[in-house]
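S.K.: just need the structure, nothing else, for what follows:
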Amino acid sequence: MLQRRLSTAISTILLFTSTSLAADQILLDDGSLLKGSIKQISDGKVIMDTAFASEVTVDFSRVTQISTDQKHLIELDSNDRVVGQLTVNEQGQHQLTGTAFGTVDIDPKRINTLWETDAVQPQNAQLEQQYQQEIEQIKTAQAQEKAKLEETYTAEVQQLRAEREALLDPWSGSLAFGVQGASGNTDRMAVTGRGELHRETANERLGMYLEINYAKENDEQTENEKLAGIKLERDISENYFARGSADFEIDDFEELDLRAITTASLGRFFIREPDLIFKGFAGVGYRFESYSDGTNEKDPTAVFGYETNYNLNSRLSLFHDLTYYPSFSSPGQNYLLVTNVGAEMPITNDEAWKLRASLRSQYNSQPALDAETTDTNYRLNLVYDWD
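M.R.: Below you'll find the predicted structure:
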């Protein structure tokens with residue numbers, strides 16, 4: 001009888017030993033026995049590869065017994081590390097075998113981390129995974145930023161190309177003309193014409209004009225005036241520009257054979273928007289006047305002025321400018337003041353044809369002997385614009 005019990009016990013021990021050598025195994029608190037290959041213990045979890053369910057994860061706190069069929073790296077709660085094989089002896093005591101210190105007893109609750117000898121420590125593997133995820137996130141963000149930059153670059157290049165194409169032909173101009181007539185008690189005929197030519201680039205503006213005004217009433221001339229001028233502006237910075245101009249005038253009824261004014265000035269944009277431009281300028285110049293009675297006037301002069309253009313809406317634009325020329329010799333007594341104000345309105349869908357109403361007033365503090373100090377002209381002209 002004793003021999004039979006001893007044989008049974010030995011068989012049980014041999015069976016348990018052979019089973020433990022065949023695979024890692026863990027016994028849970030509900031009596032469940034899991035066999036397979038323990039991959040790691042980390043963060044209070046046991047991860048085991050099993051034949052019936054592939055990878056299984058259970059709480060390490062539920063494990064009552066654990067054994068391995070080969071050595072593992074083990075980190076204890078004291079941060080000490082040891083290499084050995086976990087076994088359970090006949091008394092149910094956990095032991096580490098094959099360590100550098102031989103066989104030692106161990107409490108499984110002290111195991112903080114366990115991993116295979118040829119694997120990376122789970123914490124390091126987790127950090128590596130987080131690192132790789134961060135790298136992938138950075139790469140994704142960089143790719144998105146690159147795509148956004150490429151999109152912005154493409155849009156800017158297209159805009160620059162459009163602006164460049166517009167600058168390939170920077171010239172534009174206009175022709176304005178008007179005719180007025182009457183017959184009967186009074187025979188009257190008046191003709192006015194003005195041509196303008198402009199060249200505008202990114203930082204330079206050139207403008208030229210020629211204007212002729214002629215009127216006749218009852219076979220007598222009542223107006224014979226010719227105006228011409230040129231103006232060049234070149235930007236120094238975003239708001240400041242250098243300005244040079246020359247204006248010429250001939251007026252029979254002012255007994256003016258020629259008035260020529262040349263100036264050089266510094267200007268500033270106070271408002272520079274697509275629908276509103278307001279700029280001022282100040283500088284020095286030279287004024288020459290020759291009259292029909294043979295007298296001439298030559299004076300260095302200062303120049304002060306402003307110009308504004310306002311697109312009130314798509315159908316109406318307003319303009320106004322004023323220029324003041326005081327003589328250096330007697331600025332309070334000898335000066336010339338010129339102002340223009342008006343409005344334009346397109347009358348065709350392509351906006352090539354417009355109607356322009358304008359008023360030009362010129363005040364000369366020292367006019368010719370029989371001339372008025374103020375000369376004012378009202379105009380209503382048909383205008384043709386081209387770009």
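S.K.: where does pLDDT dip in the stretch 101-250 of the chain?
M.R.: For the stretch 101-250 of the chain, applying pLDDT under 70 flags the ranges 123, 125-127, 165-168, 185.
S.K.: could I get the full set of helices for it?
M.R.: Taking DSSP state H, counting those that start in this stretch, the helices of the stretch 101-250 of the chain run over residues 122-167.
S.K.: and residue 224, what is it in contact with?
M.R.: Each residue near residue 224 by C-beta atoms under 8 Å, 6 or more residues apart in numbering is listed here: 213-215, 251-253. From N, CA and C alone the C-beta is placed, and that goes for glycine too.
S.K.: look up how far residue 216 lies from it.
M.R.: Using C-beta to C-beta, to the nearest Å, we find residue 224 at a distance of 9 Å from residue 216.
S.K.: try residue 103
M.R.: Distance from residue 103 to residue 216, by C-beta to C-beta: 133 Å.
S.K.: again, but for residue 48
M.R.: Distance, residue 48 to residue 216, using C-beta to C-beta: 115 Å.
S.K.: the two - which one has more neighbours?
M.R.: residue 48 (23 against 16; other C-beta atoms under 10 Å).
S.K.: shouldn't that one be within a strand?
M.R.: Yes - counting by DSSP: H, G, I helix; E, B strand; the rest coil, residue 48 is part of a strand.
S.K.: give the contact list for it.
M.R.: Counted by C-beta under 8 Å, 6+ apart, residue 48 has contacts 24, 26, 34, 36-39, 55-58.
S.K.: what does residue 365 give?
M.R.: Counting by C-beta under 8 Å, 6+ apart, residue 365 touches 333-336, 373.
S.K.: buried among those residues? Make that a PyMOL selection.
M.R.: Buried members of the contacts of residue 365, defined by 16 or more other C-beta atoms under 10 Å, are picked up in PyMOL with:
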select buried, resi 334+335+336
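S.K.: which of the contacts of residue 365 lies closest to residue 282?
M.R.: residue 335 (14.5 Å; C-beta to C-beta).
S.K.: name the nearest residue to the closest one, sequence neighbours excluded.
M.R.: Nearest residue to residue 335 in three dimensions, chain neighbours excluded: residue 326, at 4.3 Å (C-beta to C-beta, 6 or more residues apart in numbering).
S.K.: and that neighbour, helix, strand or coil?
M.R.: strand.
S.K.: give the bridge partners for residue 26, please.
M.R.: Under DSSP bridges, the beta-bridge partners of residue 26 are residue 34, residue 66.
S.K.: that one and residue 66 touch, don't they?
M.R.: Yes - the pair residue 26 / residue 66 is scored as a contact, 4.8 Å apart, by C-beta atoms under 8 Å.
S.K.: who's more crowded, the two?
M.R.: Neighbour totals were compared for residue 26 and residue 66, and residue 26 leads with 25 against 22 (other C-beta under 10 Å).
S.K.: show the pLDDT at the more buried one.
M.R.: Note for residue 26: predicted pLDDT of 91.
S.K.: got the contact list for stretch 59-67?
M.R.: Contacts for stretch 59-67 (C-beta under 8 Å, 6+ apart): 20, 24-30, 38, 41, 44-46, 86-88, 92, 94, 108, 111.
S.K.: in strands only, show me the residues you listed.
M.R.: Judged by DSSP state E, the subset of the contacts of stretch 59-67 located in strands is 24-28, 38, 41, 45-46, 86-88, 94, 111.
S.K.: out of those residues, which is nearest to residue 129?
M.R.: Distances from residue 129 to the ones in strands among the contacts of stretch 59-67, taken as C-beta to C-beta, are shortest for residue 45 (15.3 Å).
S.K.: residue contacts, the closest one?
M.R.: Contacts of residue 45 by C-beta under 8 Å, 6+ apart are 57-60.
S.K.: now it: how far from residue 26?
M.R.: 12 Å.
S.K.: what do you get for residue 269?
M.R.: 83 Å.
S.K.: state the distance from the most centrally placed residue in the chain to residue 353.
M.R.: Most central in the chain under C-alpha atoms, centre = their mean is residue 152, positioned 8.5 Å from the mean C-alpha point. Residue 152 is 40 Å from residue 353, where distance means C-beta to C-beta.
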